[in-house]
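*Asks:* My questions concern the predicted model and sequence given below.
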Amino acid sequence: MPTFSGPAFPDVETIRFEGPDSRNPLAFRHYNAEELVEGKSMRDHLRFSVVYWHTFRNPLGDPFGVGTAVRPWDDGTESVENAQRRVRVAFEFMEKLTAPYYAFHDRDVAPEGATLAESNKNLDAVAKVLKEEQQRTGIKLLWGTANLFSNRRYMHGAATSPNAEVFAYAAAQVKKALEVTHDLGGEGYTFWGGREGYQCLWNTDMHRELDHLAKLLHMAVDYAKEIGYTGPFYIEPKPMEPTKHQYDSDAAACLNFLRQYDLMDHFKLNLETNHATLAGHTMQHELEVAGSAGSLGSIDANTGDVLLGWDTDQFPTDIYLTTQCMHSILKYGGLTTGGVNFDAKVRRESFEPLDLFYAHIGGMDAFARGLKIAAAIRADGRLQSIVDERYSSWSSPLGKDIEAGKHSLASLEKLMLEKGEATANASGRQEMIENLINDYL
Ligand code: XUL
Ligand code: CO
């Protein structure tokens, strides 16, 4: 095969904001990077990020058929040269898309070698090109991570493997991935426990596995200090797939784990919509659980399919969903180190390179609209006043005293024995509120 020499997307110019009336499918109609929302640019609110694994490495196969993706720049080999060429293509794509960030796993960007030393060497060779391209374009690394789930050595888990040498290998891989992330100025580092769970409880020592998982995370925290990495670590909850049950099953389970093992100061959560769905939650639920604990770090923006029970990782296009996401994000102070990371793939039938643009443009516009709608809800203030009114009894002397810890079961019993019954409840007004939200859409 003759060596590909770019550009990879010759027919695509830099994607521009053309406004809601534009009929150009290769333009933004809502994402206007410079536009201020609540005094901050859309670029800084949304911090869009492209994922390397789906956008540049996913062949678009499914359990019933081979990959369909046409990627003319990729010669299909596991060579370092191919990986380096792919980096140039990835940056051409991200630059044209005007995405300020990207995210990767170590094994997406560089091929795994026959030994750990060889894999590290390959990663260094590709990271060199990543760095050059970051410098050329100004595109930054949102977060890096180590793939601790694809290789067969991780079949029983990585940190939670019953094989201590597998734990050691995983630790070595995390060390290297952390070094590379730090060297590339990564603003975060993610742990997604792909196989950190169980398939069968009869053969599982859960207590031990959880201790080991915490041990690896503490080692990462310690090593970060050593090399001067000061960014946050993220845990990404997901309840299942590939395992039957993953320990980081949802936001609440992750927070419980982080508290139990004294990791709360170092970790925030990276929440993904399709993972929330698999956990039987809404994304809004997960965001509220994390946000109310002060642990909302970043989001993997995607969506599932209501009729498919698995992690389809589709691009988000539902404005109601993006409104909910952005409303919770604004409520908890906005994204700081995190971003809106499109952990999403085009579907198997959308196999052309151009589809990668349409997918990302759609996701970016959907989130831009969600941001604007959420800001309008907040500016209008009607929703907030309903919520304030709903909790107004907590501003009464009684409510204030309970919150301030001035009461006990006995003092409250005395009060209620005197009163005989609590004040009548007010309506929750859910339907009215849902109608109100629709007013902004
Ligand atoms: C898997 C998933 C991962 C993480 C990073 O479902 O979401 O790609 O985001 O390992
Ligand atoms: Co993800």
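*Replies:* Here it is on my side, so go on. Numbers count the residues shown, from 1 in each chain. Ligands and ions are numbered 1, 2, ... in the order given.
*Asks:* Only C-alpha atoms from now on, for both contacts and neighbour counts.
*Replies:* Fine.
*Asks:* buried set for the longest helix along the chain?
*Replies:* Looking across the chain with DSSP state H, the single longest helix is helix 353-380. Residues 353, 356-378 are the ones in helix 353-380 that count as buried (16 or more other C-alpha atoms under 10 Å).
*Asks:* and that helix, what does it pack onto?
*Replies:* strand 27-28, strand 36-37, helix 42-46, helix 80-97, helix 319-331, helix 430-440 (3 or more C-alpha pairs under 8 Å, 6 or more residues apart in numbering; DSSP states H and E).
*Asks:* Helix or strand next in line after that helix, which one?
*Replies:* If you walk from helix 353-380 toward the C-terminus, the next helix or strand you reach (DSSP states H and E) is helix 382-390.
*Asks:* can you list the residues that contact whichever helix or strand comes after that following helix?
*Replies:* Under the assignment DSSP H and E, the closest C-terminal helix or strand after helix 382-390 is helix 397-403. By C-alpha atoms under 8 Å, 6 or more residues apart in numbering, the surrounding residues in contact with helix 397-403 are 393-394, 407.
*Asks:* Contact partners for residue 365?
*Replies:* Per C-alpha under 8 Å, 6+ apart, neighbours of residue 365: 28-31.
*Asks:* ok, now with 6 Å
*Replies:* By C-alpha atoms under 6 Å, 6 or more residues apart in numbering, residue 365 lies in contact with 30-31.
*Asks:* cool, and the one 3 residues further on?
*Replies:* Taking C-alpha under 6 Å, 6+ apart, we find residue 368 in contact with 30-31.
*Asks:* could you redo the last one with a cut-off of 8 Å?
*Replies:* Applying C-alpha under 8 Å, 6+ apart, the residues near residue 368 are 30-32, 42, 46.
*Asks:* what about residue 18, how many residues close to it?
*Replies:* The tally of other residues near residue 18 (other C-alpha atoms under 10 Å) stands at 16.
*Asks:* Rebuild the contacts of residue 368 as CSV, extending it with pLDDT and neighbour count.
*Replies:* Converted to CSV, those look like this (pLDDT from 0 to 100; neighbours: other C-alpha atoms under 10 Å):
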residue, pLDDT, neighbour count
30, 98, 24
31, 99, 27
32, 98, 18
42, 98, 22
46, 99, 24
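*Asks:* of those, closest to residue 151?
*Replies:* For those, the residue nearest residue 151 by C-alpha to C-alpha is residue 46; the value is 33.3 Å.
*Asks:* so residue 311, which of the three states?
*Replies:* Classification of residue 311 using DSSP: H, G, I helix; E, B strand; the rest coil returns coil.
*Asks:* which ones are touching it?
*Replies:* Residue 311 touches 241, 274-275, 278, 304, counting by C-alpha under 8 Å, 6+ apart.
*Asks:* neighbouring contacts of stretch 67-82?
*Replies:* 1, 3-6, 8, 58-61, 85-86, 89, 110-111, 122, 125-126, 348-353.
*Asks:* what does the domain assignment say about this protein?
*Replies:* 16-380, 385-440 (automatic domain parsing).
*Asks:* Pull out the buried members of the contacts of stretch 67-82.
*Replies:* 8, 58-60, 85-86, 89, 110-111, 122, 125-126, 348, 350-351, 353.
*Asks:* Just the helices from the stretch 201-350 of the chain, written as ranges.
*Replies:* According to DSSP state H, counting those that start in this stretch, the stretch 201-350 of the chain carries its helices in the segments 206-227, 251-260, 273-278, 283-292, 319-331.
*Asks:* Just name the most buried of those helices.
*Replies:* Most buried of the helices of the stretch 201-350 of the chain by mean neighbour count (mean count of other C-alpha atoms under 10 Å) is helix 273-278; its value is a mean of 24.
*Asks:* May I have that one exported as PDB, CA atoms only?
*Replies:* In PDB, the C-alpha atoms belonging to helix 273-278 read as follows (Å, rounded to 0.1, in the frame of the first residue of the first chain):
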ATOM      1  CA  THR A 273     -24.300   9.100  30.300                       C
ATOM      2  CA  ASN A 274     -24.400   5.600  28.900                       C
ATOM      3  CA  HIS A 275     -22.800   4.200  32.000                       C
ATOM      4  CA  ALA A 276     -25.500   6.000  34.100                       C
ATOM      5  CA  THR A 277     -28.200   4.300  31.900                       C
ATOM      6  CA  LEU A 278     -26.600   0.900  32.400                       C
END
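*Asks:* ok, and what's touching it?
*Replies:* With C-alpha under 8 Å, 6+ apart, helix 273-278 has contacts from 237-240, 250, 282-283, 286, 300-304, 309-313.
*Asks:* Could you rerun that using 10 Å?
*Replies:* 236-241, 249-251, 279-287, 299-306, 309-314, 316, 321, 325, 343-344 (C-alpha atoms under 10 Å, 6 or more residues apart in numbering).
*Asks:* now stretch 115-122
*Replies:* By C-alpha under 10 Å, 6+ apart, stretch 115-122 touches 79-81, 83-84, 106-107, 109-113, 123-127, 169, 172-173, 176-177, 180.
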